[in-house]
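Chemist: sequence and predicted model, in that order:
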Amino acid sequence: MTGGTPFLDGSIEVWLAIVVIGVATYGFRLSFIHLFGRIDEVPARIRRPLRYVPPAVLAALVLPNLVTVRPSVVATLADERLIAGAVAGVIAWRTEDVTATIAGGMVTLWLFRFVVFA
Amino acid sequence: MDGDLVDADLRAGVRDVSPLLLGIAPFGLVAGIAAVNAGLGLAEAVGMSVIVFAGASQLAAIELIGENAPLAVVIGTAVVINLRVVMYSASIAPHFADYGRKLRAGLAYLLTDQAYAISVAEFEENPGRSRWRYYLGAGGALWVVWQIGTVAGVVVGAGVPDAWGLTFAVPLVFLALLVPAMKDRPTTAAAVAAGAVTVVAGGLPLNLGLLTGAVSGIAVGLLTEVVGA
């Protein structure tokens, strides 16, 4: 992600991805707003799994960016990203503030990258 | 259709959403920065912010594009992330039921986590409001700030050295959303399982780790709910 590698097959595929994701997302947004009147309530079969989409998806997005499994426990834990993520996690829990979480995490990352582990 | 009243409801929406704009601005900035780092241009970054207009899915798609993941995986992952919007659509639908098809179709475009949360709270507290104008004020303000943030991020992102690791702000944004999403035992179990599976499945081909982890997390959440009941 930090390498800045250009998308191999170029712009057409990027635009295709953008349009398909956009159309699907609009469909989700419109779904019940459009259907209401015909369907009174979300069936429990749909509602129950949807409840777990945010925590599951968000955790899947976060963890690989903080943790890289290395041969030793120490090498895995002594990772500036994991330390910064832990600090940011505490800030998120205490403040529920996106800006404070970003700021705390980035400052911790820089502190360990440029000072402590330098 | 008194002019002053129109403005009052719209303005109330903008006013009530402004504290949330402080959180959206850096989020949009990060989306722009991440887009540049993944090799996207300004047109693609802004095009995505206008057409998709859903932060978490945009950032995931950008990350996967930067890793040269297959198109189907980029799309599949983003679509799964945005499934949650169906819940918001269902929950806000009764409030829009009186409106015409075209207006409802337009309002749907602005449906985001923030516009939903702030509008539904207001609709229940203050039934006298013009609901669509209030929602348009809140959703429209979010839209404008999101687009400005994206453009600023593209401009800023191009000038900052890689060593600063600005794209690390992406998982930090998700972390800030994840923590409050872990409300009880099943949701926490879903998050823990999804995170663990994604890390272990990091080596899966086609960048399928994220999708595998997310689906595993949803399954574990449901299982925990059943076992705990």
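Modeler: The structure has been received and is ready for your questions. Numbering: from 1, shown residues only, chains lettered A, B, ... in the order given.
Chemist: what helices or strands is the helix or strand containing residue B:122 leaning on?
Modeler: Taking DSSP states H and E as the criterion, residue B:122 maps to helix B:113-125. Judged by 3 or more CB pairs under 8 Å, 6 or more residues apart in numbering or on different chains; DSSP states H and E, the packing partners of helix B:113-125 are helix B:3-37, helix B:85-96, helix B:131-157. All C-beta atoms are positioned from the backbone trio N, CA, C, and that covers glycine.
Chemist: so how many other residues sit close to whichever residue of chain B sits closest to chain A?
Modeler: Nearest residue of chain B to chain A: residue B:217, at 2.8 Å (CB to the nearest CB). When neighbours are counted by other CB atoms under 10 Å in any protein chain shown, residue B:217 registers 29.
Chemist: got it, and the one 10 residues further on?
Modeler: For residue B:227, the number of neighbouring residues by other CB under 10 Å comes to 10.
Chemist: show me the domain layout of the chain.
Modeler: In the absence of a named chain, chain A is used. A:10-51, A:54-118 (automatic domain parsing).
Chemist: hmm, no, I was thinking of chain B.
Modeler: Looking at automatic domain parsing, the domains of chain B come to B:3-165, B:182-229.
Chemist: residues contacting residue 61?
Modeler: Picked chain A for this. B:56, B:59, B:60, B:81, B:170, B:171, B:174, B:210 (CB atoms under 8 Å, 6 or more residues apart in numbering or on different chains).
Chemist: could you do chain B instead?
Modeler: Applying CB under 8 Å, 6+ apart, the residues near residue B:61 are A:17, A:18, A:21, B:48, B:52, B:74, B:75, B:77, B:78.
Chemist: buried ones in the helix or strand the third one falls within?
Modeler: Using DSSP H and E, residue A:21 falls within helix A:11-35. Neighbour counts over helix A:11-35 (16 or more other CB atoms under 10 Å in any protein chain shown) mark A:14, A:17-18, A:20-22, A:24-34 as buried.
Chemist: give me the residue from chain A nearest chain B.
Modeler: For chain A, CB to the nearest CB, closest residue to chain B: residue A:56, 2.8 Å.
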